[in-house]
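Enquirer: Sharing a model that was predicted from the sequence below.
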Amino acid sequence: QVQLAESGGGLVQPGGSLRLSCAASGFVLNYYTLAWFRQAPGKEREGVACITTSDGSTLYADSVKGRFTISRDNAKNTLYLQMKDLKPEDTAVYYCAAHDWARLSISSADYPFWGQGTQVAVSS
């Protein structure tokens, strides 16, 4: 059974940094696509970034390019999202998601497996 568990959220000041982690269990990461999504109050879930575990190809939403970095450690079955230069508009619940194919996508409809989410708040 595929399980995903996010951690690392919290409160950070604008301009600060935060690293999110997503521990995966029940499957081996080798040929999956993993992604981060976020959902702010009153807004639709938004794709942030994704990565193929086979070759590390990545795709980012325009809103986070140059500020966020997605990475994975296949040996640890863990996905990461390094966030820097955080802005108040980055405030949201962040979710990791997985699909058992190797194709870049930040569309939530493409992902059958989801974590429970971790809250990120950017505020002074």
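Expert: Sure, I can see it.
Enquirer: Which secondary structure element is home to the nearest residue to residue 80 once chain neighbours are set aside?
Expert: Nearest residue to residue 80, sequence neighbours excluded (Cβ to Cβ, 6 or more residues apart in numbering): residue 71, at 4.8 Å. In this view, the C-beta of every residue, glycine as well, is placed from N, C-alpha and C. Assigned by DSSP states H and E, residue 71 belongs to strand 68-73.
Enquirer: So in that sheet, which strands flank that strand, and in what orientation?
Expert: Strand pairing for strand 68-73, using DSSP bridges, gives strand 78-83 (antiparallel).
Enquirer: Now do the same for residue 37: its pLDDT.
Expert: pLDDT for residue 37: 98.
Enquirer: Please, which helix or strand holds it?
Expert: strand 33-39.
Enquirer: Tell me what angle that strand forms with strand 68-73.
Expert: Orientation of strand 33-39 against strand 68-73 (axes from the mean of the first three to the mean of the last three Cα atoms, to 10 degrees) gives an angle of 140 degrees.
Enquirer: What helices and strands are in contact with strand 33-39?
Expert: strand 18-25, strand 46-52, strand 68-73, strand 78-83, strand 92-99 (3 or more Cβ pairs under 8 Å, 6 or more residues apart in numbering; DSSP states H and E).
Enquirer: returning to that earlier point: can you tell me which residues contact the residue nearest to residue 80?
Expert: With contacts defined as Cβ atoms under 8 Å, 6 or more residues apart in numbering, residue 71 is in contact with 51, 56, 79-80, 82.
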